[in-house]
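Trainee: Next come a sequence and a model predicted from it.
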Amino acid sequence: MIARSSVRVAALYCFTRFEDPSSLRDALLERCISEGVYGTLLLAHEGINGTIAGSDEGIEQVLNLVRALPGCMDIEVKDSWTQTLPFKRMKVRLKREIVTMGEPDIDPLSGVGHYVSPEDWNTLIRDPDTILIDTRNHYEVEFGTFRGAIDPQTSHFRDFPAWFRDNRKRLLSGRVAPKIAMFCTGGIRCEKATAFVKSEGIGEVYHLKGGILNYLERIPAEESRWDGECFVFDERVSVTYGVVKSEDVQSEHDGRQADADLLPVKDGEAPQR
């Protein structure tokens, strides 16, 4: 059993309808500041996304307010623990999208891929008929990925639709009933990626429930098909099994230039995950 550290890191997102996201900003910021919570929350008409860190009690007080927002009662939250605060400030920002894909007609609330639990994921991706795609950016994939996964070599998540359209024929060649499985850090990018691929006419689309972080927490290393570490957009840089900070990360990665859409670590921002 891994000992729990003192700082709780909560990655959260929820696709829902906010009529006036700006009206929610001040209360969220005030609650975070009063509870000593740091990080970034993004608000848009399509919902909320962010990563925050602080004491267990402080995070819970912020989550109580978030869960009271329209449609957020069952918000997806992924917890991990660390020894020191991975953010230097607290921001609540208004955005056009909570995860930037640049496809205005894609709405995860209208339908996404089939969720696959970490316990069932290995069986799916072992299937030779499964096309496994890593939806993260290339610099994230360099830290680690699932065996056999395709790396689209994108620099920004908004590049993914063009990559898929350009490579669709090659990916699906010789397949009567294509089956696509996708994954990302915490699940939010796959909500949009699977909705997009379905809109392109692919019927069998799957994604890893809770993302890589959920998999690393629940699947033991000896049963895992994950190779390497998982890049995260805060000062931990990367995490490994048990969602604990990797101790052997090279210092050169600390200053790595992050995708602007994913928000830079040094500004204390939140990832798209």
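Mentor: Structure received.
Trainee: need the helix or strand of this protein with the lowest average pLDDT.
Mentor: Using mean pLDDT, DSSP states H and E, the weakest-scoring helix or strand in the chain turns out to be strand 244-245, at a mean of 68.
Trainee: measure Lys169 to Glu200 for me?
Mentor: Distance from Lys169 to Glu200, counting by C-beta to C-beta, to the nearest Å: 12 Å. All C-beta spots, glycine's among them, are computed from the backbone N, C-alpha and C.
Trainee: what about the two, which has more around it?
Mentor: Comparing Lys169 with Glu200 by other C-beta atoms under 10 Å, the one with more neighbours is Glu200, at 12 against 8.
Trainee: so the more buried one sits right up against Phe160, yeah?
Mentor: No: judged on C-beta atoms under 8 Å, Glu200 makes no contact with Phe160 at a distance of 11.5 Å.
Trainee: Check which helix or strand Ala10 maps to.
Mentor: Assigned by DSSP states H and E, Ala10 belongs to strand 7-15.
Trainee: elements contacting that strand?
Mentor: For strand 7-15, the packing partners by 3 or more C-beta pairs under 8 Å, 6 or more residues apart in numbering; DSSP states H and E come out as strand 47-54, helix 56-67, strand 76-82, helix 188-199.
Trainee: Lowest average pLDDT across these?
Mentor: Per-stretch mean pLDDT for these is lowest at strand 76-82 (a mean of 88).
Trainee: gap between that strand and the chain center?
Mentor: Relative to its chain's centre, strand 76-82 lies at 12 Å (C-alpha atoms, centre = their mean, to the nearest Å).
Trainee: after that strand, next one along is what?
Mentor: Per DSSP H and E, the first helix or strand lying C-terminal to strand 76-82 is strand 90-94.
Trainee: buried ones in that following strand?
Mentor: Under the neighbour-count criterion of 16 or more other C-beta atoms under 10 Å, strand 90-94 has 90-93 buried.
Trainee: so Gly54 makes contact with Leu85?
Mentor: Yes: look at Gly54 against Leu85 with C-beta under 8 Å: they come within range, at 7.4 Å.
Trainee: joint contacts of the two?
Mentor: 7, 38 (C-beta atoms under 8 Å, 6 or more residues apart in numbering).
Trainee: Tell me both backbone torsions, phi and psi, for the nearest residue to Ser238 once chain neighbours are set aside.
Mentor: Nearest residue to Ser238, sequence neighbours excluded (C-beta to C-beta, 6 or more residues apart in numbering): Glu229, at 4.0 Å. The phi and psi values for Glu229, taken as degrees, to the nearest 10, are phi -120, psi 170.
Trainee: Model confidence for Glu229, exactly?
Mentor: 89.
Trainee: what's the neighbour count on it?
Mentor: Counted by other C-beta under 10 Å, the residues lying close to Glu229 total 21.
Trainee: Relative to Thr154, how far out is it?
Mentor: Counting by C-beta to C-beta, the gap from Glu229 to Thr154 is 20 Å.
Trainee: Confirm Arg158 sits in a strand?
Mentor: No: under DSSP: H, G, I helix; E, B strand; the rest coil, Arg158 sits outside any strand and is assigned helix.
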